[in-house]
Each structure stands twice: as C-alpha cells, then as structure tokens.
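> could you work out the structure for the sequence below:
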Amino acid sequence: MTQPPDLTAPESTAPESTGSDTRDTSLTVRAPAVAGFFYPDSPTDIDSTASALIDRARQHTAPSDSEAHPARAIIVPHAGWRYSGDLAALGWAYAARSRPRTTRIVLLGPTHRVAIRGIALPGADRFGTPAAMLNIPTRDILESTRTCVEPVHCDEGTHRDEHALEVQVPFITALFGDDVELVPLNVGEASPTAVADVIDALTSPTTLIAVSSDLSHYHTYDEARRIDQRTIDMIERRQYPVEPEQACGARPMNGLLEYARRHSLTVTALGSHNSGDVLGGDTARVVGYAAFALTDEKD
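Have a look, this model is predicted:
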C-alpha cells in the first residue's frame, strides 16, 4: 500500500468485487495489509502494545462477572489502536477470561474497501500479521454453511486491504494463542436472518463469535455522544436494524442481534468513547467506539 489508509474509514460503497464464489488455490496466506498504520508493524511492538492494552483492560474486567456470565459473543471496535485499542482489548479480555477453552473464533466485519454480496472468507489457508499466523478452516466453514440461505463463499478481493478483522488478530493470539482457528468473514449485502443463520451454523461450545464495528462517523463530539448513546441503548435491547450511519459494521451487527434474540442473550456495554477523547483528538469530526459482551440471560 503506497498511501496510509483512513484509520476511521466508513463502510465501502465501492463497486462489488468480481471475485465472489471463487478461490485462488495458490493463495495460502492472507497477508497483513495495515500493520504500521492501524497497529505496529514489528512483532516485538505488536506483542508489547497488545499486552499493555490487555493488562489495562483486565483491571476493568471483574473476574467474578466474566466467570459467572461467560461471553457467547462480543462486539469490538476496529480503528487504529491509538483510538480504540483499549476498548477492543476490553472486549477480548472479557471473552478470554470467561471462555478459556475457546478453540475457534468466528470474526465478522464490514467491507470498507471492496463491497460484496453475501458473506465471504478470504480463500486463504492462514491469516497473517507480522507477529503470528492463524489457521483458517475454510473447507469446514464452506461445508457447514452449505445449506444456509446465504452460504459462505470465498472472495480474496474484499479481504485484501480490509482492516476491520486484521486489527483484532493480535489480541486473539495474545489471549487465545496461535493454535486457535480463525474464521474471518467479511459481511456485505446480507440480511440479519442470513447472517444469524451462518452464526448458528458455526456455533459450538468452544466457539466464540465476534463482530468488529465502530459506531458513528464524523459528527461533532457532543452530537456523536448523543447518537452513540442511542445506538448503545438499541444494541443492549437487541433492537435492530442498526443503520450504517450508526455503526459501520451494521450488517454483521444486525445479524448478531438477531442471533442474540433467538438465544435470549443479554447484551451489555463494557465501555465506550470516541476519538475526541484521545489526547490531541479532533472534536469537530469524531468516530465513536464501544465494546459489548453477549452472555446468557442473567438471573
């Protein structure tokens, strides 16, 4: 990439990829695309920064609550770590503390760069960052979702420069190790029911579901706080549709909220802020962030 990407880019309105439903069998690794822009680019700096963010997050995650109410799913933001890394770490730390035996993570995000129809894997065997690689069980996912209304397909193009999933991977490897399987899914034009069906097809006792999404984009600080609080209230009530103007990951998020309704999950906001809260942050045009845990209904 010759130009740094927009660290708070909204969901793509670009022409749809022509690579849908094909798999480049020569592509074995989805290579890192935004290291050095959204998060560090050296393995040492990635590991140390992720560990520091996780350590701070653990101070705000009560062990008794996470153990009593293990996360079935989480929602985490995906801007540059400077802006939302603390909230992303908060969501991942809650999930790891409550689900230590996780063997697979289904990670769903929006398409900022290349729009698609449906739900797509990258068509690679592994997902890489400069610090680690995670295996992608592509064949198993394609087979498991074969009878869904919107079966998962492979589309390398929509994943190539996408940041929403990649920025989460160092937190995953830091907390769950390099042996956990990753199911990276870009969600394009797909209904909440279709997305929820795929989540249902991929759920197991050792699978964690995660959606990567920011909240509102480019409002003033005070306006963003009002908009984002309304969106947070909607999410906690499992109320959808959340619109793309409210959250760039509205499509995967709405699917997760449908899944939460089906399984009577409780949605709890773990924390929120916007880019104007960051030291030196612009308060004229901000982006909102929040982290959520989805758990079985509390007594």
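
> for the host helix or strand of Glu223, which positions count as buried?
Assessed by DSSP states H and E, Glu223 sits inside helix 221-236. For helix 221-236, burial by neighbour count (16 or more other CB atoms under 10 Å) applies to Tyr221, Ala224, Arg225, Ile227, Asp228, Thr231, Ile232, Met234, Ile235. No exception for glycine: its C-beta is placed from N, CA and C like everyone else's.

> quick one: which of the residues you listed is nearest Val152?
Closest approach between those and Val152, by CB to CB: Ile235, at 24.3 Å.

> in three-state terms, label the closest residue to the closest one other than its chain neighbours for me.
Using CB to CB, 6 or more residues apart in numbering and skipping the chain neighbours, the partner closest in space to Ile235 is Val267 (5.7 Å). At Val267 the chain is in strand, as set by DSSP: H, G, I helix; E, B strand; the rest coil.

> which residue ranges form the strands in the stretch 1-150 of the chain?
29-30, 71-76, 104-109, 119-121, 126-128, 133-135 (DSSP state E, counting those that start in this stretch).

> specify the stretch among those strands that is closest to Arg97.
Closest to Arg97 of the strands of the stretch 1-150 of the chain is strand 71-76 (CB to CB; 8.9 Å).

> relative to the closest one, what are the paired strands and their orientations?
Strand pairing for strand 71-76, determined by DSSP bridges: strand 207-212 (parallel), strand 286-296 (antiparallel).

> format those strands as a markdown table; extra columns: mean neighbour count, mean pLDDT and distance to Trp81.
Below are those laid out as a markdown table (neighbours: other CB atoms under 10 Å; pLDDT from 0 to 100; distance: least, CB to CB, whole Å):
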| stretch | mean neighbour count | mean pLDDT | distance to Trp81 |
| --- | --- | --- | --- |
| strand 207-212 | 26 | 99 | 13 |
| strand 286-296 | 25 | 98 | 11 |
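
> what about the helices in the chain?
Ranges of helices in the chain, per DSSP state H, are 43-58, 63-68, 81-98, 138-144, 156-159, 169-176, 192-202, 221-236, 250-262.

> low-confidence ranges in the protein?
By pLDDT under 70, the weakly predicted segments of the chain are 1-27, 62-67, 298-299.

> residue nearest the centroid of it?
Ranked by distance to the mean C-alpha position of the chain (CA atoms, centre = their mean), the top residue is Ser212 at 2.0 Å.

> name the nearest residue to it, ignoring sequence neighbours.
Gly109 (3.9 Å).

> the one you found and Gly188 touch, don't they?
No: the criterion here is CB atoms under 8 Å, and Gly109 misses it with Gly188 at 10.6 Å.
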